[in-house]
Every structure is written in structure tokens, then in C-alpha cells.
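Visitor: okay, here's the prediction I keep looking at, along with the sequence it came from:
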Amino acid sequence: MAATPSNMIPLGTHAPDFALIDTVSEKTLSLADVKSGIATVIMFICNHCPYVKHINGELVRLANDYRVKGVSFVAISSNDVDNYPEDAPKKMKEAAEALGYPFPYLYDESQAVAKAYDAACTPDFYIFDRNLALVYRGQLDDSRPQTEIPVTGKDIRAALDAMLVGKPVSEKQIPSIGCNIKWKKS
């Protein structure tokens, strides 16, 4: 399990558009379909990564806690499914339903969306404001699979709490750490 950090793209970056298949509803969803007038959380995750498995419960709690406040969430998997079949769309749907994901779980088959966001790892988190400007990128919290630190989502919760009361999000942000995105061989 090689630890890969987020690329930490510049704050203020505009969210790249996308149109991807939601593996649960089987509908194509675009950024416009999932964006919020308050905050939009975009997460690059996958099924097989131990870092994602470690936080899945908190992803569900986080989304359930903040969706009622007008924050939207979307998860995207961009892994090469030929070499990582556990991350295939059918398995994504099974995982989303078993875990009770309260957000769409999109499949980025071409990997173009991951490249547009400069995503590096799973999990990789991005929070955009109502104008789709990046205000947060980095870790969920300090917990990792190999630590005893509880999974709380504190870093993302702090960013969202600031946004909900109209305060700026702290620019002190720590990169996420996870498995590298499994890029297709050219």
C-alpha cells in the first residue's frame, strides 16, 4: 500500500466540468447536475483502496450531516478496471448500495476527469464554493488505516462549517494520503 499525497492544486481553481455515468442510477450526471449553491464536495475514491475502506463510514456520515444543509457530494472512481476489476462499475454500484452512499458514485472510464482535477490518490477531496472556485483540497482528517487515530472528518467538516457561516476556509490544508490512482497504460 504505497502512500501517495494529493497534488494540492491552487486554491481558486475553477471546477472542471464533467459528464459521467452514475453507477447506481445509470444516468449521466454533469457538474451542473450535482453542484450546490453553497458548497460542492468532489471525492475521488475507489472500492479496493484500504485508505478509502478505512473512511467509508465517515463519508456516509459526512454527506448525511451536510446534505441537509445544502452541501452536495459526488464520488468519482477513475481507476483502470482492466487491472483492478474490483473497481468496475458493477462493483461500484454494489459497494455504493451496500455502504448506503447518499451521493452519486460516478465512473470516469477515460480518466479524463481525474486528469482535469489533477487527482493523484484515493481518497482525494476537493470543495468548491457556489461559484465553483476551489476553497479546499486535502485530507478528510488525520486518520490512516495504520493509525489508531479515529476517523472524524474534522478537516472537511471545518471547511464546510466555515462556508456555512460565510467565513473563509483556512488556507492551512494538509494533503490527503492514499493509494495512487491506477492509471491505464498508454
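Guide: Yep, it's here. Numbering: from 1, shown residues only.
Visitor: now the one residue sitting closest to the centre of the chain: which helix or strand?
Guide: Centroid-nearest residue in the chain, with CA atoms, centre = their mean: residue 43, separated by 0.7 Å. For residue 43, the host element (DSSP states H and E) is strand 39-44.
Visitor: against which helices or strands is that strand packed?
Guide: helix 50-67, strand 71-77, helix 112-117, strand 124-129, helix 154-164 (3 or more CB pairs under 8 Å, 6 or more residues apart in numbering; DSSP states H and E). All C-beta spots, glycine's among them, are computed from the backbone N, C-alpha and C.
Visitor: tell me the pLDDT of the nearest residue to the residue nearest to the centre of the chain once chain neighbours are set aside.
Guide: Here the nearest residue to residue 43 in space, its sequence neighbours aside, is residue 75; by CB to CB, 6 or more residues apart in numbering that works out to 4.7 Å. Note on residue 75: pLDDT of 98.
Visitor: surely residue 75 and residue 106 touch.
Guide: Yes. Counting by CB atoms under 8 Å, residue 106 is a contact partner of residue 75 at 6.9 Å.
Visitor: select, out of the helices and strands packed on strand 39-44, the one closest to residue 186.
Guide: Closest approach to residue 186 among these (CB to CB): helix 112-117, 12.4 Å.
Visitor: mind giving me the packing neighbours of the closest one?
Guide: strand 39-44.
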